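>>> Predicted model, plus sequence, below.
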Amino acid sequence: MTDGERKVGVFICHCGGNISDVVDVNALREFAAKQAGVVAATDFRFMCSNQGQAQLQETIKEKGLDGVVVACCTPKMYEDMFRETAKDAGMNPYLLEIANVREQCAYAHRSQPEKATEKAKALVGAQVAKVLRLRALEVKIAPIHEGVAVIGAGIAGIHAAILLGNAGHKVTLIEKSPTIGGNMARFDKTFPTMDCAMCTLSPKMNQVFNHKNVELLTYAEVTNAVRTPGKFTLTVRKKPRYVTDDCIGCNRCTERCPVSTPKSPVKVESEWNMGLDLRKAIYLPFSQALPQLWTIDADHCFYFQRNRACRMCANVCPADAIDFSMQPEEVKVEVGAVVVATGYRPFDATQVAHYGFGTYPDVYHGLQIERLLSSTGPTGGKLVKKDGTPPTSVGIIHCVGSRDEKYRPYCSRVCCMYSLKYAHLIRERTGARVYNFYMDMRANGKGYEEFYQRVASEQVGFVRGKPARVTDVATSPEEQGKLMIVVEDTLAGVTLRVPVDMVVLSTAMEPGDVDGLLASLHLDKTADGFVKEYHPKINPTDTAVKGVFVAGCAQGPKDITDTIAQAGAAAMSAATFLGSGEMTLNPLVAEVNPDLCRACDRCTDACEFDAVHIDPQGLVAVVDETSCEGCGKCTVVCPTGAITVRQFTKPQIVASIDALAPKAVAP
Ligand SMILES: Cc1cc2nc3c(=O)[nH]c(=O)nc-3n(C[C@H](O)[C@H](O)[C@H](O)COP(=O)(O)OP(=O)(O)OC[C@H]3O[C@@H](n4cnc5c(N)ncnc54)[C@H](O)[C@@H]3O)c2cc1C
Ligand code: SF4
Ligand code: SF4
């Protein structure tokens, strides 16, 4: 198509003033109308509204448009929608481009309206020049495979799996630890209602465990994911438990296992109790764990580590359930959609050395306090110091690792609230004096402010200030044997030394160790390290990879209420996607001109997504269109220009630059 043959329409959105308060839309429309190929130029208050889209369709039909530029907000928001609208009006959707005159003009140059308008003209001109050279692309459809994999069985993954199973989808729930439940299973009570955590979680654990549509793979991790049109093939590695399903849960093996006994040279810290006590080499993480299957930790078991020196568990097991010959198993899981629900882990408090975690025995982090307060914890729910006596005073330091440029700049959103939970429980159970050291109190969920007021009325102390350090160096007789929290009270303007018996560090929530998983699913992370959602506001459960959704704290720190809400939304999105039965494949990917390709292999080396291969005859490069992300790296290294990304060919890019260059405005 050459200039003059294509009929282009330009549609300028006011965005209710967001654009038109800065950019002169009349001048922009007049400019657009004069561009070669443009047969219609119009502006509208909200192009994304029903009326705006109706106008787009009417103009396409009336003027016979075969090219459209919408000057509006970022293409991330509405490009798909406008393309769909154009398609419904009979136009090839890939002949439509967005000129982002909101973020790149109105927002970026708010104080310079004239320059913003000039830049908007340049962007519209460049997109018109590009549209004149676009090629109509074929839209390919692929059927979506049935079934969904949910990765991570904390409260988010469990809730999503139940909803998807209830909707009739086959669900594979994959959990890396020996039991489902996630971090919530460690809690005694949950804010703000202070109801028993396991009383709400345990029924859901049982429901998912017994769900006819849910297959559970525990002690299992996804080691690879391959995407083909409409299908994900996950390779799941199931670690051997060395205990068979014959286990009857009698616990005799654990009682007799010599590991972690007082005389044993090998001691293993309990992950479940966050290192506060020891566990045996054969163990059940906690009494309500599901499945109720014991597991041998081969890294600490004398059978494996000491040349079969011990077979005690096998000798005492009445069910003959010990099988030392078990091997890791690889399972292929084929599904149409994936929900990532891998949660969070607590920030490593040893990094903030001046708070004494790991140095002073009575400095704990949040999840450790959960275990100390829990009736299933190492002290049976009694809050005691390492010497076994109850504390008479406790200091709770907020924002440890969070809101700190050195560690995690973001707010972990739940630390103020769980600090209040501990203040309440400690006052209630020990009568100890409790001080909260906070930067700002953030209590902005339903019932949270009321909970804050309730705790404040329970004679809990609040000091506004970030403590400088925790020290056991006494400067007076009253400080002897105490931990001193040194802090500037920023409200009173005085420096305090507050003596306490126990310190609780309200540590940040940070993403787990999921880089490998995210890489194999081609998922990005946001600056905070959590999974990047498609759009933080209007699409927080989708990701940029079609068919992959995110739920719970895998997307960012949140409380249980928000986790449940987001998991429900992710399940709904996944069910809708699966229910549609087919998906449109993105045609904006690389393609090879076989006449120019010399099979030099440079593109295959450059591609991060393993999407280009040389054909078996060794003659030409071939693109796997479902793996290609259209990033264009291959096009840069190709010596002959044989590989290009559709709608980003050299003539198209050069035409845009030519249109831009004479009008470019300095930022
Ligand atoms: C100290 C503390 C106290 C809290 N108290 C409260 C409270 O009282 N009330 C409240 O509303 N909120 C509270 N929260 C927040 C609450 O913990 C979270 O909202 C909730 O646990 C998030 O659930 P999740 O399923 O997203 O993540 P998680 O509970 O972290 O579960 C994630 C699951 O995924 C698994 N997993 C991780 N990686 C993989 C992988 N690669 N493959 C397979 N499985 C994987 C993990 O083993 C885990 O089972 C608290 C948080 C903290 C830190
Ligand atoms: S493995 Fe054997 S001994 Fe251990 S709990 Fe199961 S049945 Fe009992
Ligand atoms: S064989 Fe291993 S798990 Fe079994 S009792 Fe001996 S040390 Fe414990």
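Yes, it's here. Numbers count the residues shown, from 1 in each chain. Ligands and ions are numbered 1, 2, ... in the order given.

>>> Spit out the contact partners of A599.
Contact analysis of A599 by C-beta atoms under 8 Å, 6 or more residues apart in numbering lists I614, D615, G618, L619, V620, A621. In short, each C-beta sits where N, CA and C put it, glycine included.

>>> what's the spacing between the fourth one and ligand 1?
Put plainly, it is L619. 40 Å (C-beta to the nearest ligand atom, to the nearest Å).

>>> How about R311?
30 Å.

>>> What about that residue, how many residues nearby?
13 (other C-beta atoms under 10 Å).

>>> Not counting sequence-adjacent ones, nearest residue to it?
Using C-beta to C-beta, 6 or more residues apart in numbering and skipping the chain neighbours, the partner closest in space to R311 is Y303 (6.1 Å).

>>> Next: Q566.
A551 (5.6 Å).

>>> Is the one you found in contact with V340, as I believe?
Yes. Taking contacts as C-beta atoms under 8 Å, A551 lies within contact range of V340: 7.1 Å.

>>> quick one: which of these two has more around it?
A count of neighbours by other C-beta under 10 Å puts A551 above the other of A551 and V340, at 35 against 28.

>>> OK, now which residue of the stretch 151-300 of the chain is nearest to ligand 3?
Nearest residue of the stretch 151-300 of the chain to ligand 3 (C-beta to the nearest ligand atom) works out as C257 at 3.3 Å.

>>> where's the closest residue in space to L284 that isn't next to it in sequence relative to N593, distance?
Leaving out its chain neighbours, the residue that sits closest to L284 by C-beta to C-beta, 6+ apart is W294, at 5.3 Å. As judged by C-beta to C-beta, to the nearest Å, W294 and N593 stand 60 Å apart.

>>> repeat for T644
8 Å.

>>> For the two, indicate the residue with more neighbours.
The neighbour comparison of T644 against N593 (other C-beta under 10 Å) goes to T644, with 21 against 14.

>>> residues touching that one, list them.
So, once contact is read as C-beta under 8 Å, 6+ apart, T644 ends up touching A590, E591, N593, T635, K650.

>>> mind redoing it with 10 Å?
T644 sits next to 590-593, 596, 632, 634-635, 638, 650-653 when contact means C-beta atoms under 10 Å, 6 or more residues apart in numbering.

>>> and those, which of them are in strands?
Secondary structure from DSSP state E places A590, E591, V592 of the contacts of T644 in strands.

>>> Quick check, I296 in contact with C247.
No. Using C-beta atoms under 10 Å, I296 makes no contact with C247, being 11.1 Å away.

>>> If you count surrounding residues, which of the two has more?
A direct count of neighbours by other C-beta under 10 Å for I296 and C247 places I296 higher, at 26 against 20.

>>> sorry, back to before: ok, the residue nearest to R311 touching A309?
Yes. At 7.1 Å, Y303 counts as touching A309 under the criterion of C-beta under 10 Å.

>>> When these two are compared, which one has more neighbours?
Taking other C-beta under 10 Å, Y303 and A309 do not tie; Y303 has more neighbours (20 against 12).

>>> Make sure the more buried one is indeed in a strand.
No. Using DSSP: H, G, I helix; E, B strand; the rest coil, the secondary structure at Y303 is helix, not a strand.

>>> residue contacts, it?
Y242, A281, I282, I296, A309, C310, R311, M312, C313, A314, I322, F324.

>>> go again using 7 Å as the cut-off
C310, R311, F324 (C-beta atoms under 7 Å, 6 or more residues apart in numbering).

>>> Adding secondary structure, distance to ligand 2 and pLDDT, write these out as TSV.
Putting the contacts of Y303 into TSV (DSSP: H, G, I helix; E, B strand; the rest coil; distance: C-beta to the nearest ligand atom, whole Å; pLDDT from 0 to 100) gives the following:
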residue	secondary structure	distance to ligand 2	pLDDT
C310	coil	14	96
R311	coil	12	97
F324	coil	12	98
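
>>> Take those residues and write them to TSV, including distance to G401.
As requested, the contacts of Y303 are arranged in TSV below (distance: C-beta to C-beta, whole Å):
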residue	distance to G401
C310	40
R311	44
F324	41
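
>>> Closest to ligand 3 out of those residues?
Distances from ligand 3 to the contacts of Y303, taken by C-beta to the nearest ligand atom, are shortest for C310, at 3.3 Å.

>>> and stretch 189-208, does that touch ligand 1?
Yes. Using C-beta under 6 Å from any ligand atom, stretch 189-208 reaches ligand 1 at T190, F191.

>>> what about V645, how many neighbours?
21.

>>> For stretch 517-530, the averaged confidence score.
Mean pLDDT, stretch 517-530: 94.

>>> Endpoints of it, how far apart?
12 Å (C-alpha to C-alpha, to the nearest Å).

>>> ok, now which ones touch the closest residue to C603 other than its chain neighbours?
Take C603 and drop its neighbours on the chain: the residue closest to it by C-beta to C-beta, 6+ apart is C634, 3.7 Å away. By C-beta under 7 Å, 6+ apart, the contact set of C634 is A590, C603, A606, C607, V612, I643.

>>> Those in strands, which ones?
Short answer: those in strands (DSSP E) are A590, V612, I643.

>>> which of these has the weakest pLDDT?
Lowest pLDDT among these: V612, 93.

>>> wait, doesn't that residue sit right on T604?
Yes. Between V612 and T604 there is a contact under C-beta atoms under 7 Å: 4.9 Å.

>>> So between the two, which is more surrounded?
V612 (24 against 17).

>>> Check whether stretch 150-166 comes near ligand 1.
Yes. Counting by C-beta under 6 Å from any ligand atom, ligand 1 is contacted by stretch 150-166 at I151, G152, A153, G154, I155, A156, G157.

>>> Pull the residues that contact stretch 23-33.
10, 12, 14, 19, 38, 41-43, 71, 101, 105-106, 113, 116-117, 120-121, 124.

>>> With just CA atoms, put it into CSV.
Output of stretch 23-33 as CSV, limited to C-alpha atoms (Å, rounded to 0.1, in the frame of the first residue of the first chain):
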residue,chain,number,x,y,z
VAL,A,23,-3.0,19.6,24.7
ASP,A,24,-4.8,21.9,22.3
VAL,A,25,-7.1,19.2,20.8
ASN,A,26,-8.5,21.6,18.1
ALA,A,27,-5.0,22.4,16.9
LEU,A,28,-4.1,18.7,17.0
ARG,A,29,-7.3,17.8,15.0
GLU,A,30,-6.5,20.4,12.4
PHE,A,31,-3.0,19.2,12.1
ALA,A,32,-4.1,15.5,11.8
ALA,A,33,-6.6,16.4,9.1
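
>>> Now do the buried residues in that stretch.
V23, D24, V25, L28, R29, F31, A32 (16 or more other C-beta atoms under 10 Å).

>>> Cross these against helices and list the overlap.
V25, L28, R29, F31, A32 (DSSP state H).

>>> Distance to F82 added to these, as CSV?
Converted to CSV, those look like this (distance: C-beta to C-beta, whole Å):
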residue, distance to F82
V25, 18
L28, 18
R29, 18
F31, 21
A32, 16
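
>>> nearest to ligand 1, of those?
With C-beta to the nearest ligand atom as the yardstick, the closest approach to ligand 1 among those comes from V25, at 44.3 Å.

>>> Need the pLDDT of P178.
97.

>>> Report the separation between it and E269.
16 Å.

>>> ditto for A99
Relative to E269, and taking C-beta to C-beta, A99 is found at 58 Å.

>>> So if I had to pick from these two, which one is more boxed in?
Each of A99 and E269 has its neighbours counted (other C-beta under 10 Å); A99 has more, 27 against 13.

>>> residues touching whatever residue of the stretch 351-500 of the chain ends up closest to ligand 1, list them.
Of all residues in the stretch 351-500 of the chain, G366 sits closest to ligand 1, at 3.0 Å by C-beta to the nearest ligand atom. Residues counted as contacts of G366 (C-beta under 7 Å, 6+ apart) are P346, Y418, V504, S506, T507.
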